[in-house]
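S.K.: What shape does this take:
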Amino acid sequence: MKKTDLADFYEQQLRTQILPFWLKHAPDRDGGGYFSCLDRYGNVYDPDKVDILMQGRISWTFSMMYNEFEPRQEWLDFARLGVEFVLKHGFREDGRIYYALRRDGRPLEEPSIYHAELSNLIAMAELARATKDEALYQMARKTFEKAWVGHRIWRYFQ
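M.R.: Below is the predicted model:
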C-alpha cells in the first residue's frame, strides 16, 4: 500500500467513523464538557470527567480539524464544550488544573502531573486561533507559564 493510499484511508476513517462517533456520543448536555468513558457503542460507563486531560484532547482535536482541514461550525461548537467546562470548573485557586472532576464540575482528584495543564492549554490555544479570542489565548499562555514554572518543565530542556 502506498503512503498516499494509507493517508487517504486514515483520513476517511477519521471523517466517517471517529469524528462522528465523538460528536454523537461525547457531549454531556447536562453537566457540560464531554463524556470520555464510552464503550465501543457510545454507551457511557462513567459519567465523571475522570481524566480531565481528555477534555483538552477532544477540544484540541476538533479545533485543529476546524483550523487545518475544514471550517465546519459543528466542529468549532463541539470544541468549545470541553474548553468551557475546564474554564468553568477545572482550575484550582492557585491556577493548577484538577486531574479529575465529577460530572457536575466538583473536584474528584487533585492536580498531579502536568499533563492536564498541557492538554488543556493546547486546546485553549487552538480554539483561540480558530475564534481569534485574545482572552482565551492569554489564558492558555498563563496556564503554560504555570506549568512551566510550577512543574519545572524547563529543567527537561537544559
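
S.K.: Name the nearest residue to Gly32, ignoring sequence neighbours.
M.R.: Leaving aside its chain neighbours, Gly32 sits nearest to Phe85 (4.2 Å; criterion: C-beta to C-beta, 6 or more residues apart in numbering). Where you see a C-beta, it was placed from the backbone N, CA and C, and this is true even at glycine.

S.K.: Quick check: what element follows the helix or strand harbouring that neighbour along the chain?
M.R.: Counting by DSSP states H and E, the element that carries Phe85 is helix 73-85. Note on helix 73-85: by DSSP H and E, the next helix or strand toward the C-terminus is strand 100-101.

S.K.: ok, Gly95 - how many residues close by?
M.R.: Using other C-beta atoms under 10 Å, Gly95 is surrounded by 14 other residues.

S.K.: ditto for Ala123
M.R.: Look at Ala123: counted by other C-beta under 10 Å, it has 29 neighbours.

S.K.: so the strand or helix carrying it versus helix 73-85, what angle?
M.R.: According to DSSP H and E, Ala123 maps onto helix 115-131. Relative orientation of helix 115-131 versus helix 73-85 (axes from the mean of the first three to the mean of the last three C-alpha atoms, to 10 degrees): 140 degrees.

S.K.: Show residues contacting the very next helix or strand once past helix 115-131.
M.R.: For helix 115-131, the following helix or strand on the C-terminal side (DSSP H and E) is helix 134-150. Outside of helix 134-150, the residues within contact range by C-beta atoms under 8 Å, 6 or more residues apart in numbering are 83, 87, 95-97, 114, 117-118, 120-122, 124-125, 127-129, 153-154.

S.K.: Now do helix 134-150: distance to the chain's middle.
M.R.: Helix 134-150 has its C-alpha centroid displaced from the chain centroid by 15 Å (C-alpha atoms, centre = their mean, to the nearest Å).

S.K.: can you give me the angle it makes with helix 115-131?
M.R.: Relative orientation of helix 134-150 and helix 115-131, computed by the same axes, to 10 degrees: 160 degrees.

S.K.: List buried residues within the contacts of helix 134-150.
M.R.: Burial by neighbour count, 16 or more other C-beta atoms under 10 Å: within the contacts of helix 134-150 this picks out 83, 96-97, 114, 117-118, 120-122, 124-125, 127-129.

S.K.: Show me what the residue nearest to Leu108 when sequence neighbours are not counted is bridged to.
M.R.: Take Leu108 and drop its neighbours on the chain: the residue closest to it by C-beta to C-beta, 6+ apart is Ala100, 4.1 Å away. Beta-bridge partners for Ala100, by DSSP bridges, are Glu109.
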